[in-house]
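K.L.:
Provide a 3D model corresponding to the input given below.
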Amino acid sequence: MATRYWERTWQERGQALELAYGETHPPGMVTSFSWNERPFRCPGACALCFPLAFEVRDPIRHRRDYWLYVTMGLSQPTSKWEVQEARAAGESHSGFGLECAMISPTQTDWATDALSTVS
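P.N.:
Sure thing, here's the model as predicted:
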């Protein structure tokens, strides 16, 4: 049951990012983070790359003159019970509570590494 919750909320977050920023580059791809040297593990944490968006016709999105690199999964709750326990304790966030982003005027390989390092 927790797996279905995690998968559903993960998919919802991915859809929200795609709605706001468009298709990733390459389409449908993410850069997974390695957690071998981390004191904690965050299932599914990764970085997404969104290319320039000059000709945007969708009213939700706006023109983007830069490459956008965004983490996804750092604030992902692992289960519905984790969220319920956090809320019962007076917290209003889930997971680690934040995502990070970077922009670059050109496509770059270092941005996803930098996001992995700061996360």
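
K.L.:
residue 13: what secondary structure?
P.N.:
For residue 13, the secondary structure call by DSSP: H, G, I helix; E, B strand; the rest coil comes out as helix.

K.L.:
so how far is residue 30 from the most centrally placed residue in the chain?
P.N.:
Central residue of the chain (CA atoms, centre = their mean): residue 72, 1.5 Å from the mean position. For residue 72, the distance to residue 30 (CB to CB, to the nearest Å) stands at 7 Å. Backbone N, C-alpha and C define where each C-beta goes, glycine included.

K.L.:
quick one: common contacting residues for these two?
P.N.:
Residues touching both residue 72 and residue 30 (CB atoms under 8 Å, 6 or more residues apart in numbering) are 46-48.

K.L.:
between the residues you listed, identify the one with the most neighbours.
P.N.:
The residue in the shared contacts of residue 72 and residue 30 with the most neighbours, by other CB atoms under 10 Å, is residue 47 (25 neighbours).

K.L.:
ok, residue 73 touching residue 48?
P.N.:
No: with contacts counted by CB atoms under 8 Å, residue 73 stays clear of residue 48, the gap being 9.9 Å.

K.L.:
residue boundaries of the strands in this protein?
P.N.:
In the chain, the strands defined using DSSP state E lie at 31-32, 46-50, 67-72, 101-104.

K.L.:
distance to residue 89 and mean pLDDT added to those, as JSON lines?
P.N.:
JSON lines is the format used below for those (distance: least, CB to CB, whole Å; pLDDT from 0 to 100):
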{"stretch": "strand 31-32", "distance to residue 89": "30", "mean pLDDT": "88"}
{"stretch": "strand 46-50", "distance to residue 89": "28", "mean pLDDT": "94"}
{"stretch": "strand 67-72", "distance to residue 89": "25", "mean pLDDT": "94"}
{"stretch": "strand 101-104", "distance to residue 89": "28", "mean pLDDT": "95"}
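
K.L.:
how near is residue 42 to residue 98?
P.N.:
11 Å.

K.L.:
helices of the chain, start to end?
P.N.:
According to DSSP state H, the chain carries its helices in the segments 2-21, 80-88, 110-118.
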